[in-house]
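Novice: I'll drop the sequence and a predicted model, then ask my questions.
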Amino acid sequence: MRLFFRGLMSSSVLALAACTHSPQTTKFEANCDFGNVKFSTNFETAHLNGCRKMASNSYELLIAPENTPINPSAWYAFDVSAPAEQVLNLTLVYSEGYHRYPIKKRIGTADWEQIETRPDPKSKTDRHSFTLKTNGDPVRIAAQPIFDTQKHLKWIETISNLEYVNQTTIGQSVENRPIIKLEEVDDPTKPYILIVGRQHPPETTGADALTPFVEAIWGDTQQARNFRTNYNLIVVPLLNPDGVLHGNWRHNMNGIDLNRDWGPFTQPETQTIQTELERFETGSDRIVAFIDFHSTWRNLLYTQTDNEFASPEGFTKEWLKVVDEKLDDDVYKFTREPSPNEGKPTSKNYMNSKFGITAVTYEVGDNTELGATQIASKQFAETFMDLFLRQSEIQEN
Ligand SMILES: [Zn+2]
């Protein structure tokens with residue numbers, strides 16, 4: 001897909017970026033084909049807003065958000081084609097925000113490789129230069145290893161193969177992509193856990209954590225079977241498919257942050273959730289916990305404060321304490337961050353205030369290693385099941 005221009009916004013961004021960031025008169029152009037060297041965006045999640053040649057083998061690449069104001073999660077992704085044995089000097093020029101994600105590259109189907117260290121969060125530079133050695137093969141450059149909608153759909157298909165999991169489409173995005181729900185098929189009288197993910201497109205490490213968490217609960221272990229005897233799970237793993245596909249920094253295709261729309265429910269994606277929650281409002285089904293997966297600078301879980309009511313009482317404190325004891329800090333260090341509901345319409349605040357339940361925002365660090373994320377996520381899920389199973393024993397006795 002072509003992402004260079006997005007109507008009026010993009011052309012004003014181009015003019016602004018050209019005059020504020022560089023003394024040169026060269027403007028950013030939508031055409032990024034310089035003959036031998038080419039920058040292209042013909043893939044899902046691609047994001048590059050313009051290019052200009054500064055000198056031989058030296059290029060500046062404009063990175064601009066979908067609209068403003070916006071959270072500074074400056075996503076970029078593009079392909080570089082160049083003749084063999086060249087050293088390109090590339091500079092990312094941000095029209096908003098700053099360089100947040102260290103550059104990753106991939107050649108063909110090889111593993112992603114991070115080619116620089118993580119930027120200092122305090123540096124907040126809006127121009128970031130790096131060199132790229134090419135050997136004739138096209139190189140994909142991205143802010144994070146790409147986790148696109150195809151990868152989500154593949155995972156959804158795999159999970160749907162489990163005999164006790166149903167896949168249904170519960171709504172459509174702005175651009176009519178399906179919002180898919182995975183749900184256990186049996187006994188609706190059991191209490192429900194709801195898990196959602198990928199409201200924010202660049203937050204791939206959150207998606208890396210959601211998948212093993214769900215796999216642990218829907219896995220073939222004695223504990224998971226016991227858990228499923230007592231609880232139902234609903235998973236909406238990809239709430240912003242358009243944003244992911246278009247490589248957005250934060251928003252859906254109406255320019256709205258979906259995780260500031262729980263309560264207002266003005267967007268088709270969040271309205272899908274609103275409709276899904278009706279069954280819990282009427283009392284026909286009972287919801288007992290909610291988890292929303294995201295990414296941020298470091299590993300943490302936003303919870304209710306100790307003064308806010310959340311059933312089961314004291315659950316997150318106990319849950320995270322036990323996980324902390326089991327996880328080596330060298331592998332996965334995290335903190336519990338009680339954050340008060342100050343009226344911001346996030347999923348966590350909405351679910352807690354509407355249903356009085358434990359509602360958590362599970363945040364994985366942008367630069368947390370995949371293996372560590374998976375180990376931790378499995379541990380979080382196992383302890384979660386263990387504590388909820390104890391809850392159901394208490395209720396039975
Ligand atoms: Zn987020």
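Specialist: That came in fine, so what should we check first?

Novice: assign the closest residue to residue 31 other than its chain neighbours to helix, strand or coil.
Specialist: Distance criterion CB to CB, 6 or more residues apart in numbering; nearest residue to residue 31, sequence neighbours excluded, is residue 51 at 7.6 Å. (C-beta placed from N, C-alpha, C; glycine too.) Three-state assignment for residue 51 (DSSP: H, G, I helix; E, B strand; the rest coil): strand.

Novice: count of neighbours near residue 394?
Specialist: Residue 394 has 9 neighbours, counted by other CB atoms under 10 Å.

Novice: and it, how far from the ion?
Specialist: 34 Å (CB to the ion, to the nearest Å).

Novice: so residue 310 sits right up against residue 352, yeah?
Specialist: Yes: with contact defined as CB atoms under 8 Å, residue 310 reaches residue 352; the gap is 5.8 Å.

Novice: list residues touching both of these two?
Specialist: By CB atoms under 8 Å, 6 or more residues apart in numbering, residue 310 and residue 352 have these common neighbours: 304, 358, 359.

Novice: now, which of those residues sits nearest the ion?
Specialist: Comparing the shared contacts of residue 310 and residue 352 against the ion with CB to the ion places residue 359 closest, at 14.6 Å.

Novice: what average pLDDT does the longest helix seen in the chain get?
Specialist: Ranked by number of residues, the top helix in the chain under DSSP state H is helix 370-396. The pLDDT scores in helix 370-396 average 93.

Novice: does anything pack onto it? Which helices or strands?
Specialist: Where contact means 3 or more CB pairs under 8 Å, 6 or more residues apart in numbering; DSSP states H and E, helix 370-396 is packed against helix 204-217, helix 222-230, strand 287-296, helix 315-326.

Novice: got those as CSV, with distance to the ion and mean neighbour count columns?
Specialist: Listed next are the helices and strands packed on helix 370-396 as CSV, based on distance: least, CB to the ion, whole Å; neighbours: other CB atoms under 10 Å:
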stretch, distance to the ion, mean neighbour count
helix 204-217, 7, 23
helix 222-230, 27, 15
strand 287-296, 3, 24
helix 315-326, 18, 17
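
Novice: wasn't residue 273 part of a helix?
Specialist: Yes: judged by three-state DSSP, residue 273 forms part of a helix.

Novice: gap between it and the ion?
Specialist: Using CB to the ion, one gets 15 Å for the distance from residue 273 to the ion.

Novice: same check, this time on residue 162
Specialist: Distance of residue 162 to the ion, given as CB to the ion: 28 Å.

Novice: can you tell me the number of residues neighbouring that residue?
Specialist: For residue 162, the neighbour count with other CB under 10 Å is 15.

Novice: do residue 137 as well
Specialist: 12.

Novice: same deal with residue 275?
Specialist: Neighbours around residue 275, by other CB under 10 Å: 12.

Novice: quick check, it in contact with residue 181.
Specialist: No: under the criterion of CB under 8 Å, residue 275 makes no contact with residue 181, lying 10.7 Å away.

Novice: rewinding a little: show me which of the shared contacts of residue 310 and residue 352 are buried.
Specialist: 304, 358, 359 (16 or more other CB atoms under 10 Å).

Novice: among the residues you listed, which are in strands?
Specialist: If you go by DSSP state E, those have 358, 359 in strands.

Novice: beta partners of residue 93?
Specialist: residue 62, residue 127 (DSSP bridges).

Novice: for the nearest residue to residue 83 once chain neighbours are set aside, phi and psi?
Specialist: Leaving aside its sequence neighbours, residue 83 sits nearest to residue 36 (CB to CB, 6+ apart; 5.3 Å). Per-residue torsions, residue 36: phi -60, psi -40 (degrees, to the nearest 10).

Novice: and residue 36, how far is that from residue 48?
Specialist: For residue 36, the distance to residue 48 (CB to CB, to the nearest Å) stands at 18 Å.

Novice: if we can go back for a sec, from the shared contacts of residue 310 and residue 352, which is closest to residue 378?
Specialist: Within the shared contacts of residue 310 and residue 352, proximity to residue 378 (CB to CB) peaks at residue 358, which comes in at 19.6 Å.

Novice: wait, the closest one sits on residue 289?
Specialist: Yes: with contact defined as CB under 8 Å, residue 358 reaches residue 289; the gap is 4.9 Å.

Novice: identify the contacts common to those two.
Specialist: Shared contacts of residue 358 and residue 289 (CB under 8 Å, 6+ apart): residue 315.

Novice: which residue ranges form the strands in the stretch 51-200 of the chain?
Specialist: 58-63, 77-81, 84-94, 104-107, 113-114, 127-135, 139-142, 165-172, 178-184, 192-197 (DSSP state E, counting those that start in this stretch).

Novice: residue 368 belongs to a strand, doesn't it?
Specialist: No: read with three-state DSSP, residue 368 is coil and lies in no strand.

Novice: what's around it, how many residues?
Specialist: Residue 368 sits with 20 neighbouring residues when counted by other CB under 10 Å.

Novice: for residue 328, see how far away it is.
Specialist: Relative to residue 328, residue 368 is positioned 14 Å away (CB to CB).

Novice: send over stretch 170-178 as CSV, restricted to the C-alpha atoms.
Specialist: The C-alpha coordinates for stretch 170-178 follow below in CSV (Å, rounded to 0.1, in the frame of the first residue of the first chain):
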residue,chain,number,x,y,z
ILE,A,170,-18.3,-9.5,16.3
GLY,A,171,-18.0,-6.3,14.3
GLN,A,172,-16.0,-4.3,11.7
SER,A,173,-13.3,-1.7,11.8
VAL,A,174,-13.6,1.7,10.1
GLU,A,175,-12.3,0.1,6.9
ASN,A,176,-14.6,-3.0,7.4
ARG,A,177,-11.9,-5.4,8.6
PRO,A,178,-13.4,-8.0,10.9
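
Novice: next one: it to chain centre, how far?
Specialist: Distance of stretch 170-178 from the chain centroid (CA atoms, centre = their mean, to the nearest Å) equals 18 Å.
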